[in-house]
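1. Need a 3D model of the following:
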Amino acid sequence: MNILILSWRGPGHPNAGGAETSTHQHAKGWVKAGHQVTLFTSYYKGAKEEENIDGVRIVRQGSQIFGVHLRAFLWFTFKNRQKYDLVVDQFHGIPFFTPLYVKVKKLAFIHEVTKEVWSLNPWSWPFNLMPTLIGTIFEPLIFKLLYRKIPFMTVSTSTKKDLIKWGIPKENITVIHNGLEASVSKYSLSKEKKKTIVFLGALTKDKGIEDALKIFSIVDNTEDNFQFWIVGKGEPHYLEWLKLQTIKFKINDKVKFWGFVSEEKKFELLKRAHILINPSIREGWGLVVTEAARVGVPTVAFDVPGLRDSIIHGKTGILCKDQSIAALSKGILDLLKENKKYEKMSKAAYRWSRNFSWEKSTKYSLELIKSIVS
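-> Numbering: from 1, shown residues only. Below is the predicted model:
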């Protein structure tokens, strides 16, 4: 098959996250199976407009917000000379509206619906009210009016339930969990001497980094042998503000900002940490959770969509039904007080992570795209 994927961000993008990792892993798997795959995505400073990565042809045009969607329409309608058997329309708040102009078979790929995340956009007041209002009103309508007859691939039961509520027939939705790289570092209980809590992900409000700093502050007030690691990239001005917050909370000498790190370094840091915290208000799956589990690190998180799918409460991590920083802080402290409970949960998290691999995930997605096209 000749397959086209439309995605707002692609490999190498400075803000690429778990959804983009998942998309590229599936694309790689499809190429390996003998299919031809093109990924049309946004351009970023210093990127090549066209290149081949892992056998996937990458075409970059337009900015990640709004720009890439318009350029995808223009490119597909007027400049593209290829015939595709399948077009994958990836949702990230805003889809590519392919039912309006793509006549061939389509697959909608979504990690999570946006819902309350619209209100956590980084725009300043009063401009931040615009995406909140428009997104909240029009997001469910887009599903109901344009995508009811389109097959969906998603990564969790939580997202499937949200899609059904918004009018997508359940028989049109296939859940395929995210995988893990086969080369990921193996389980170990060898940790830092100081109890180490790590936040891993994009440094944005919706991912909970501000709550993470407050949680670090509460935990630090209990004893002196904690250290806190923040691994991920954020906008320069926001990063400086976060560093000022650590001074305000009197934890600046305990917090280390690692910034963006390589895959190898990421797993090295996870392996040395004791607990991953994830105060995100919504996820599709939470790829960082299973990545941490693979090296024996349990996660303490809010009981929200996506995270309740990737964490088995009381076995591979802790889910706080009370979505407060006090509850999450207590969950961390309670777990670290009981060595036997911690070791048991660490081993269970590792065993749970063994259920996931990109090889397995792409096997299922290959079966799905073949069934759609045939």
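
2. list the contacts for residue 108?
-> Taking Cβ atoms under 8 Å, 6 or more residues apart in numbering, we find residue 108 in contact with 88-91, 95, 147, 150-153. In short, each C-beta sits where N, CA and C put it, glycine included.

3. out of these, who's nearest residue 300?
-> Nearest to residue 300 among the contacts of residue 108: residue 91, at 28.5 Å, using Cβ to Cβ.

4. ok, and for stretch 38-57, which residues are buried?
-> By neighbour count with 16 or more other Cβ atoms under 10 Å, stretch 38-57 contains the buried residues 38-44, 47, 56-57.

5. Could you give the average pLDDT over stretch 274-285?
-> Averaged over stretch 274-285, pLDDT sits at 96.

6. chain center to it: distance?
-> Distance, stretch centre to chain centre, for stretch 274-285: 10 Å (Cα atoms, centre = their mean, to the nearest Å).

7. What's the end-to-end length of that stretch?
-> Using Cα to Cα, to the nearest Å, one end of stretch 274-285 lies 21 Å from the other.

8. quick one: least confident helix or strand in the protein?
-> The helix or strand with the lowest mean pLDDT-type score in the chain, counting by mean pLDDT, DSSP states H and E, is helix 129-146 (a mean of 86).

9. export that helix as CSV, just CAs?
-> In CSV, the C-alpha atoms belonging to helix 129-146 read as follows (Å, rounded to 0.1, in the frame of the first residue of the first chain):
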residue,chain,number,x,y,z
LEU,A,129,-10.2,32.6,26.2
MET,A,130,-10.5,32.1,22.4
PRO,A,131,-9.2,28.5,22.1
THR,A,132,-11.0,27.7,25.4
LEU,A,133,-14.3,28.8,24.0
ILE,A,134,-13.9,27.7,20.4
GLY,A,135,-12.3,24.3,21.3
THR,A,136,-14.9,23.4,23.9
ILE,A,137,-17.8,24.2,21.6
PHE,A,138,-16.5,22.8,18.2
GLU,A,139,-14.4,19.8,19.2
PRO,A,140,-17.4,17.5,19.9
LEU,A,141,-19.2,18.8,16.8
ILE,A,142,-16.2,17.9,14.5
PHE,A,143,-16.5,14.3,15.6
LYS,A,144,-20.2,14.1,15.3
LEU,A,145,-20.5,15.9,11.9
LEU,A,146,-17.4,14.8,10.0
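
10. what's it in contact with?
-> Residues outside helix 129-146 that contact it (Cβ under 8 Å, 6+ apart) are 93, 95, 97, 99-100, 113-115, 118-119, 121, 123, 163, 166-168.

11. follow-up on the earlier one: among the buried residues of stretch 38-57, which one sits closest to residue 354?
-> Using Cβ to Cβ, the buried residues of stretch 38-57 come closest to residue 354 at residue 56, 27.3 Å.

12. Could you verify my assumption that the closest one touches residue 37?
-> Yes: contact criterion Cβ atoms under 8 Å: residue 56 and residue 37 qualify, at 4.9 Å.

13. Can you check which residues contact both of those two?
-> Common neighbours of residue 56 and residue 37, counting by Cβ under 8 Å, 6+ apart, are 27, 31.

14. which of the contacts of helix 129-146 count as buried?
-> 95, 97, 99, 113-115, 118-119, 121, 163, 166, 168.

15. Widest-spaced pair of those?
-> 99 and 119 (27.4 Å).

16. quick one: secondary structure of residue 198?
-> strand (DSSP: H, G, I helix; E, B strand; the rest coil).

17. and the closest residue to residue 287 other than its chain neighbours, how many residues sit next to it?
-> Nearest residue to residue 287, sequence neighbours excluded (Cβ to Cβ, 6 or more residues apart in numbering): residue 18, at 3.6 Å. By the measure other Cβ atoms under 10 Å, the count of residues near residue 18 is 22.
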